[in-house]
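In: quick one: sequence plus predicted model below, questions after.
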Amino acid sequence: MLRTASHLKGTSIAATDGEIGSVQDLYFDDHSWTIRYLVVDTGTWLPGRQVLISPRSIMAGTDEAKIPVSLTKSQVENSPSTDVDKPVERQYEEEYSQYYGYPYYWTGPYRWGATPYPGEGVLAMPEAVAAMPPRGGGDPSLRSTRNVTGYYIEATDGDIGHVDDFIVDTAAWAIRYMLVDTRNWWPGKKVLVSPEWINRVSWPDSRVYVDMSREAIKSAPEYDPNQPVARDYETRLFGHHNRRVYWD
């Protein structure tokens, strides 16, 4: 299922023995553009605390209002603490993975290390992703969707707009598209740009460079933000840009 990051925010997280809190943000790695953690505000249950929940714990049955996880409230309460306002260091991720018994996502040929999906029992053609490079402590290669929203998008021949939202595949927990608002260039339109079409990102300048012209983006199949992203639309979009589809 493809869902926008904005719709995921505010969704309740349900442990096996009760509510944990609600999603406040999503952390993705800037190598494969995969959601690694849901940042969850625990509300009145653990006042003043936010916790990280890995998609590895998410169970089948996710809907618009609730995301069930295979964790107990006690597990979450006693999980390693971190300051979500600072970069998440690899040392913390190792400690976190060891606490929950998760394999490291940064080792192996697929999006989730040795597997293409975070959970078990999902059958599909594996989607190969280059192995994650080593990361030193403090290197901010985990990014917040909240912070990256608003980044400028630049085509090969000029600006096209800014990041307005993200569209997330909740099977692989991959960011499939950036939703780009083109109001200053092409009023009233929004377009989808895949992270696979990025040339580079200037994080200090809050700017994303894509290897497409403005005309190619403007003449692409029109995106309707009021409709779900259907596979037929995706096929036409990738065909227009002469790109290989990610599900093949």
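Out: Good, I have the coordinates. Numbering: from 1, shown residues only.

In: pLDDT weak spots in this structure?
Out: Applying pLDDT under 70 to the chain flags residues 61-63, 120-140.

In: domain-wise, how is it divided?
Out: 2-142, 149-240 (automatic domain parsing).

In: now the ones you listed in a markdown table, with distance to Tyr246?
Out: C-beta: built from backbone N, CA, C; applies to glycine. Formatted as a markdown table, the domains of the chain follow (distance: least, Cβ to Cβ, whole Å):
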| stretch | distance to Tyr246 |
| --- | --- |
| domain 2-142 | 7 |
| domain 149-240 | 7 |
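
In: closest to Asp248 out of those domains?
Out: domain 2-142 (7.8 Å; Cβ to Cβ).

In: what residues are bridge-paired with the residue most central in space within the chain?
Out: Most central in the chain under Cα atoms, centre = their mean is Ile35, positioned 3.6 Å from the mean C-alpha point. Beta-bridge partners recorded for Ile35 (DSSP bridges): Phe28.

In: now Val201
Out: When bridges are called by DSSP bridges, Val201 pairs up with Val208.

In: which strands and helices sit next to the helix or strand hosting Glu215?
Out: In this assignment (DSSP states H and E), Glu215 forms part of helix 214-218. Applying 3 or more Cβ pairs under 8 Å, 6 or more residues apart in numbering; DSSP states H and E, we find helix 214-218 packed against strand 152-155, strand 158-169, strand 190-193.

In: pull the residues that contact the longest one.
Out: So that's strand 158-169. 1-6, 8, 26, 35, 145, 148-154, 174-186, 190-192, 208, 214, 217, 229 (Cβ atoms under 8 Å, 6 or more residues apart in numbering).

In: list the buried ones in that strand?
Out: Ile160, Gly161, His162, Val163, Asp164, Asp165, Phe166, Ile167, Val168, Asp169 (16 or more other Cβ atoms under 10 Å).

In: run the chain-centre distance for it.
Out: 13 Å (Cα atoms, centre = their mean, to the nearest Å).

In: same check on the last one?
Out: Averaging C-alpha coordinates over strand 190-193 and over its chain gives two centres that are 16 Å apart (Cα atoms, centre = their mean).
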